[in-house]
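S.K.: after the sequence you'll find the predicted model.
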Amino acid sequence: MSLRFRKPSEAGTNALLARRDSLRKIIHRRRWRRAFTVIYFTRALKSLSKEVLGKKTNLLRSLSYVAIDVDLESDDTPRVRDGTSLQDVDPKILSNMVREKRLESLAELGGIKQLASILITNPDNGLSGEATDLLQRTNIFGTNKYSKPPAKNFLGFVLDAFKDMTIIILIACAVLSLVFGIKQQGLKEGWYNGGSIIFAIFLVVIVSALSNYKQGKQFQKLSKECSNIRVEVMRDGRRQPISIFDIVVGDVVYLKIGDQIPADGLFLDGHSLKVDESSMTGESNHIEIHSEKPFLLSGTKVIDGYGRMMVTSVGMSTAWGEMMSSVSRDLDEETPLQARLNKLTSFIGKIGLLVAALVLLVLMIRYFTGHTQDEAGHREFTSGKTKSGDVMDAVVSIVAAAVTIVVVAIPEGLPLAVTLTLAYSMKRMMGDNAMVRKLSACETMGSATTICTDKTGTLTLNEMRVTEFWMGKEHVSVDASREIAAGILEVLLQGIGLNTTGTIHKRPSVSVPEILGSPTEKAILSWGVLELGMTMDELKQDWEIIQVEAFNSEKKRSGVAVRRRGEQVVHIHWKGAAEMILALCSDYCSQNGRVNVMNDEARSEFGTIIKNMADKSLRCIAFAYKKINGSLGQVHGRVEEDGLTLLGIVGIKDPCRPGVRKAVEACRSAGVNIKMITGDNMHTARAIALECGIFNPNEDLEHEAIVEGVQFRNYSPEQRAAAIEKIQVMARSSPFDKLLMVQCLKQKGHVVAVTGDGTNDAPALKEADIGLSMGIQGTEVAKESSDIVILDDNFASVVTVLRWGRCVYNNIQKFIQFQLTVNVAALVINFIAAVSSGDVPLTAVQLLWVNLIMDTLGALALATDQPTNDLMLKPPVGRTKPLINRVMWRNLTSQALYQVIVLLTLQFKGSSIFGVDEKVRDTIIFNCFVLCQVFNEFNARKLEDKNVFKGIHRNKLFLGIVSTTIILQVVMVEFLNRFANTERLDWGQWGACIGLAALSWPIGWLVKCIPVSG
């Protein structure tokens, strides 16, 4: 009976109804079924015909056909029973069965093996991996993606921009100006003032919305990258990594500690598998998974053991998919720097409002007391004579002027500049192998004072191989398997091949087998297969695994209890950190097969062997075993680990990454301390630290600079606080020791970045100011706990993140200096001019244009500078230090003062100096003011360096924006006279404006000669 008919509640009573329903649906499926059957049978016929023809079977022949005796039962591929096909399977039944953990539903389906048959998958070899099969599964069961809430479209960002209070006030003023202008001067002439303001507002809003929209797209792309997890599946008999989005129903997935379960499914096999379902149920209890409790939920985490699962539901058919579809990840969170800038914006805005209110008050008083004149020189307001329309028009103009002062005064570009520089740096960091998960980490990294780094894979290449082997007290060549007694070699190969989470896949066309697993496992398995002649398949056939103690970073060892099939004798194998395994041994094997007692002298000699290997930067792994007659010996549910016999010790070489020494030196120059935290012993840790340049052999601090995790753990809080600054290397550390170090450093006032790859590193990654997880070796739990994922696991990429963090902070400071110069100059000029003459030289449209230059175009130009080497020669910037430092105050005060002097001189003496009327004078003031900002943009590129043109050719965007600003300014002055309220200038006036603006360069150079304390 098909799965669609096997609902538990209707199994007996509704059979007829179900059959009728099936017949109706068969009509619609007939073509799909026929095509699938033809393809499937053709493939089966092809493979089986080769097998039968190879046996030279006597065949019944005629002129029209060839008959082949096909033995369907001999093929390992599961066959569909009773005419069932994938199209008969109801995804809802599978989804509900796993979600509600219904064992009775699973039993009614015939158990996991029968369900695998129904889903046309092989529990051992997985799916075939053929495109047609995968496509069919996707069409029937869906993809492993969940639908997300629709992203905000461009119109949404436009509406958000229109919600700004200053924009609303300006729109009101523009509408009033438009109404009164048309009423007084008619539609042909009267729309210019109001229409110009509306157009300028529209331009500002569109540019702002476009910028935010692009950033939104960038965040969506990042969110997709973060969700794209790599998982290992079995397809076509081969273990291979694929994207989580490519998983289909029927896939056989491998699970290990730290993995996120990629879809709903059923447990096939494994050992000590425990999952954390708190993300789904909210309960923190760890659930043990076995054949009696086989249900695995998507989105939960593996916290112990390893195993395999068969996928039964994907994407929106899972509870996780339904939950995540209603949650959108907010990558556009407010960062600490944005929060500080918002406070600064608010403070400056209040000053701007105060100035605007004073200007409004002064202009109103001057107008209503008759102290203002129109263009003809007549008094503008005479009580009882001036028309109400003229009064309203004048009042609207005054309010618009005051509001535009607010627009210029409020530095709205500051938060935008942060968003732009963070988004830009995030994009560039992706190219530099760093994926930012949390925006604030970009800027916080710039303040980092200490980096706590792992050794394996971060400082080293993670390309391990066995280079040394000791059996007993004798050094044995790594490829001299013939020198080892046959009985001992057999036991050693059991320990290598059975006590592992790695796999070996031998492909027919390739001579070298494909080995998958952790780098340490791969090194040991490669040694076993290539040098010792181990055959993994034979071991798996001859031996059955009874119990497993999975490796974790606290125990630093893994154990397995195995038994030869058909026998009762249990062999216990342990593998792990050499000195820890040595402590568990009471005997040791010699090369000739003799078993010797492990006395104190022998133990001491083995300790010396381990030390000498470690001094060569080798990771020392020991193998030990024990034989138990009868039943499995267990202590509190654990595999026995005392009274073992030492089989041998291997030394694994993992060379330092090229360039890591240079990266460590770069950090030192930048005032950032590097602390190496490793699980290796002190001798290996010291050797690697010396090789990487973390440890300085010339300093007589070796006994204080390197500690073991247990020693650091047992310090009192006072001792830890005193020792933490001197410690450079921590060996034999546990994840708890790493967490303790991070907490201690933070208490001492450090800004701490920490790298981690294991599940147990999650607390330290969360506790640190910046958590850096590893993209290759890192578990999904570690990645989710981190702020930045280092995609190539390279320490040099950590240094790149540090450079970008400093660059973000530096770019923000440049923009603050540039913008505040404009704010101060615009406020002072308008206020003094309004109070003294009752005339505001810069109109609403002109101020909106200046606002666009400094807010959006200025942010784009200054926020996209790339990191320079100079940034790594300065000490870290403290998190509590002021955003506007003394250097910035020196620079902006001098430039703002110069601009105010020049523009006020033009305001009061410009007409006589140039021999022009007021309208041309106001155009010269406007032109000079804008050009001053263009030239000052160059000054803002370098806060302290006198050469402001250094590296300018590398920032094409900056040059493009400056060129665009100049071109638009020429258009505003020369061609948009009615719109911008300007007059055309001659060559002499343009030359004067450019000359006055260009003087800001030599002034900036001279000012930087003035030393600034601190």
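M.R.: Arrived safely, thanks for sending.
S.K.: check which residues of stretch 174-186 are buried.
M.R.: Taking 16 or more other C-beta atoms under 10 Å as the basis for neighbour counts, the residues of stretch 174-186 that come out buried are 174, 176, 177, 178, 179, 180, 181, 182. (C-beta placed from N, C-alpha, C; glycine too.)
S.K.: what do you get for stretch 459-468?
M.R.: Using 16+ other C-beta under 10 Å, the residues of stretch 459-468 that count as buried are 459, 460, 461, 462, 464, 465, 466, 468.
S.K.: likewise stretch 254-273?
M.R.: Counting neighbours by 16+ other C-beta under 10 Å, one finds that the buried residues in stretch 254-273 are 254-268, 270-273.
S.K.: what sits closest to residue 140 if chain neighbours are left out?
M.R.: Among residues not flanking residue 140 along the chain, residue 86 sits closest, at 5.5 Å (C-beta to C-beta, 6 or more residues apart in numbering).
S.K.: distance of that neighbour from residue 117?
M.R.: 12 Å (C-beta to C-beta, to the nearest Å).
S.K.: swap in residue 96?
M.R.: According to C-beta to C-beta, residue 96 and residue 117 sit 20 Å apart.
S.K.: quick one, which of the two is more surrounded?
M.R.: Under the criterion of other C-beta atoms under 10 Å, the comparison of residue 96 against residue 117 puts residue 117 first, with 20 against 17.
S.K.: can you pull the phi and psi angles for the more buried one?
M.R.: With angles defined as degrees, to the nearest 10, residue 117 shows backbone torsions of phi -70, psi -40.
S.K.: quick revisit: which of the buried residues of stretch 459-468 has the weakest pLDDT?
M.R.: Least confident entry in those, by pLDDT: residue 462, with 78.
S.K.: burial count for the residue nearest to it when sequence neighbours are not counted?
M.R.: With C-beta to C-beta, 6+ apart as the criterion, residue 462 has its nearest non-adjacent residue at 4.8 Å, and that residue is residue 519. When neighbours are counted by other C-beta under 10 Å, residue 519 registers 21.
S.K.: quick one: residue 984 and residue 841, what's the gap?
M.R.: Note on residue 984: its distance to residue 841, by C-beta to C-beta, is 18 Å.
S.K.: and those two? which has more neighbours close in?
M.R.: Between residue 984 and residue 841, residue 841 has the larger neighbour count (other C-beta under 10 Å), namely 23 against 12.
S.K.: low-confidence ranges, the stretch 51-200 of the chain, go.
M.R.: Low-confidence segments of the stretch 51-200 of the chain, defined by pLDDT under 70, span residues 51-84, 149, 166, 184.
S.K.: what segments of it are helices?
M.R.: 91-99, 103-108, 111-118, 131-141, 154-162, 165-190, 192-227 (DSSP state H, counting those that start in this stretch).
S.K.: highest mean neighbour count out of these?
M.R.: Taking mean count of other C-beta atoms under 10 Å as the contact definition, the stretch among these with the greatest mean neighbour count is helix 91-99, which reaches a mean of 20.
S.K.: give me the contact list for that helix.
M.R.: Among residues not part of helix 91-99, those counted as contacts by C-beta atoms under 8 Å, 6 or more residues apart in numbering are 3-4, 6-7, 102, 105-106, 109, 140-142, 249, 264-266, 295-297, 312-313, 317-319.
S.K.: and the angle for that helix with helix 111-118?
M.R.: With axes from the mean of the first three to the mean of the last three C-alpha atoms, to 10 degrees defining the directions, helix 91-99 sits at 160 degrees from helix 111-118.
S.K.: send me helix 91-99 as CSV with only the CA atoms.
M.R.: Coordinates of each C-alpha in helix 91-99 appear next as CSV, following Å, rounded to 0.1, in the frame of the first residue of the first chain:
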residue,chain,number,x,y,z
PRO,A,91,5.2,15.1,2.5
LYS,A,92,2.8,16.2,5.3
ILE,A,93,2.7,12.7,6.8
LEU,A,94,6.5,12.6,7.0
SER,A,95,6.7,16.1,8.3
ASN,A,96,4.1,15.5,11.1
MET,A,97,5.7,12.2,12.0
VAL,A,98,9.1,13.7,12.7
ARG,A,99,7.8,17.0,14.1
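S.K.: for residue 557, phi and psi?
M.R.: According to degrees, to the nearest 10, residue 557 has phi -160, psi 160.
S.K.: that one: what's its closest spatial neighbour, skipping adjacent residues?
M.R.: residue 576 (2.5 Å).
S.K.: check for me that the one you found belongs to a strand.
M.R.: Yes: per DSSP: H, G, I helix; E, B strand; the rest coil, residue 576 lies within a strand segment.
S.K.: number of residues surrounding it?
M.R.: Neighbourhood size, residue 576 [other C-beta under 10 Å]: 22.
S.K.: kindly report the same for residue 847.
M.R.: Residues within reach of residue 847, counting by other C-beta under 10 Å, total 25.
S.K.: now do it against residue 825, distance only.
M.R.: The spacing between residue 847 and residue 825, counted by C-beta to C-beta, is 12 Å.
S.K.: residue 734 now?
M.R.: Taken as C-beta to C-beta, the span from residue 734 to residue 825 is 59 Å.
S.K.: out of these two, which sits in the busier spot?
M.R.: Neighbours per residue, other C-beta under 10 Å: of residue 734 and residue 825, the larger number sits with residue 825, 26 against 19.
S.K.: list the residues that contact the nearest residue to that one once chain neighbours are set aside.
M.R.: Spatial nearest neighbour of residue 825, chain neighbours left out: residue 899 (4.1 Å); criterion: C-beta to C-beta, 6+ apart. The contact partners of residue 899, by C-beta under 8 Å, 6+ apart, come to 821, 825, 829, 929, 932, 1000.
S.K.: quick check: residue 899 vs residue 964, distance?
M.R.: Applying C-beta to C-beta, one obtains 22 Å for the distance of residue 899 from residue 964.
S.K.: also residue 255?
M.R.: 54 Å.
S.K.: ok, now residue 931?
M.R.: The value you get for residue 931 to residue 964, if C-beta to C-beta is used, is 14 Å.
S.K.: what does residue 665 give?
M.R.: With distances taken as C-beta to C-beta, residue 665 is found 41 Å from residue 964.
S.K.: also residue 600?
M.R.: Taking C-beta to C-beta, one finds residue 600 at 81 Å from residue 964.
S.K.: more neighbours: which of the two?
M.R.: More crowded of residue 600 and residue 964, by other C-beta under 10 Å: residue 964, with 14 against 7.
S.K.: show me where the stretch 451-600 of the chain has helices.
M.R.: Counting by DSSP H, counting those that start in this stretch, the helices of the stretch 451-600 of the chain are 486-498, 519-526, 536-542, 578-583, 600-615.
S.K.: the host helix or strand of residue 970 - contacts with which helices or strands?
M.R.: Taking DSSP states H and E as the definition, one finds residue 970 inside helix 956-974. The helices and strands touching helix 956-974, judged by 3 or more C-beta pairs under 8 Å, 6 or more residues apart in numbering; DSSP states H and E, are helix 858-862, helix 918-940, helix 977-980.
S.K.: of these, which is nearest residue 745?
M.R.: Go through these one by one with C-beta to C-beta and the one that ends up closest to residue 745 is helix 858-862, at 33.4 Å.
S.K.: okay, buried residues for stretch 533-551 please.
M.R.: Residues of stretch 533-551 classed as buried under the neighbour-count rule (16+ other C-beta under 10 Å) are 534, 536, 539, 543, 546, 547, 548, 549, 550, 551.
S.K.: what's the per-residue pLDDT of the residue nearest to residue 825 here?
M.R.: As predicted, residue 899 sits at a pLDDT of 93.
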